[in-house]
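J.: Structure for the following, please:
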Amino acid sequence: MVTTKVLIVEDDLLNRMFYEAVFQQRGYDMMAVDDGAHVLDAVDRFAPDLITMDIHLPHISGRKLIRKIRRNPATQHIPILAITAFAGQQDEEEIRRAGAAGYLAKPLSIERLLEEVDALLERTPELETESHH
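T.: Below you'll find the predicted structure:
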């Protein structure tokens, strides 16, 4: 069975530990990044199946990172779950326009996080070209 790989982008240590604990229960392979400056390199090296993206990060905003990931043909297919304390309706619309497939406002429950993760991973297209050969 292939292990799901999740890239956690979160500068707050307690939030990062929370996500890691939740995803560890699921048996996911994880990499955590706490600084926006290192995200694109981590995406290239780790090749995640899903990215959880904090929006307020040191050095570069999560919104800008989402746009960069979407513009790169090698990474544009990766679903991104934006997790943010910016919980206004306009914030959600802007973040989704930037390319986030999902959006959660902090604080969040384990149940809500897992529901959103499951929905995004199910929407991820499997390598259909391989299954038809």
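
J.: what ranges do the helices span in this structure?
T.: 13-25, 39-46, 62-71, 89-98, 110-123, 128-131 (DSSP state H).

J.: what residue ranges in this structure score low on pLDDT?
T.: Counting by pLDDT under 70, the chain shows low-confidence ranges at 1, 123-133.

J.: Among the helices of the chain, show me which one is buried the most.
T.: Across the helices of the chain, averaging neighbours per residue (mean count of other CB atoms under 10 Å) puts helix 62-71 on top, at a mean of 19. Yep, even glycine has a C-beta here, placed from its N, CA and C like the rest.

J.: Can you list the neighbours in contact with that one?
T.: For helix 62-71, contacts defined as CB atoms under 8 Å, 6 or more residues apart in numbering pick out 9, 36, 39-40, 43, 51, 53-57, 75-76, 78, 80, 82, 84, 94-95, 98-100.

J.: can you redo the helices of the chain as a markdown table with distance to T3?
T.: Output for the helices of the chain, formatted as a markdown table (distance: least, CB to CB, whole Å):
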| stretch | distance to T3 |
| --- | --- |
| helix 13-25 | 11 |
| helix 39-46 | 12 |
| helix 62-71 | 21 |
| helix 89-98 | 28 |
| helix 110-123 | 12 |
| helix 128-131 | 17 |
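
J.: who wins for proximity to A32 among those?
T.: Across the helices of the chain, A32 has its closest neighbour in helix 13-25 (5.2 Å, CB to CB).

J.: Could you list every helix and strand in contact with the closest one?
T.: Counting contacts by 3 or more CB pairs under 8 Å, 6 or more residues apart in numbering; DSSP states H and E, helix 13-25 packs against strand 5-9, strand 29-33, helix 110-123.

J.: need these in TSV with distance to A47, can you?
T.: Below are these laid out as TSV (distance: least, CB to CB, whole Å):
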stretch	distance to A47
strand 5-9	7
strand 29-33	10
helix 110-123	15
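
J.: what's the closest of those to A21?
T.: helix 110-123 (8.8 Å).
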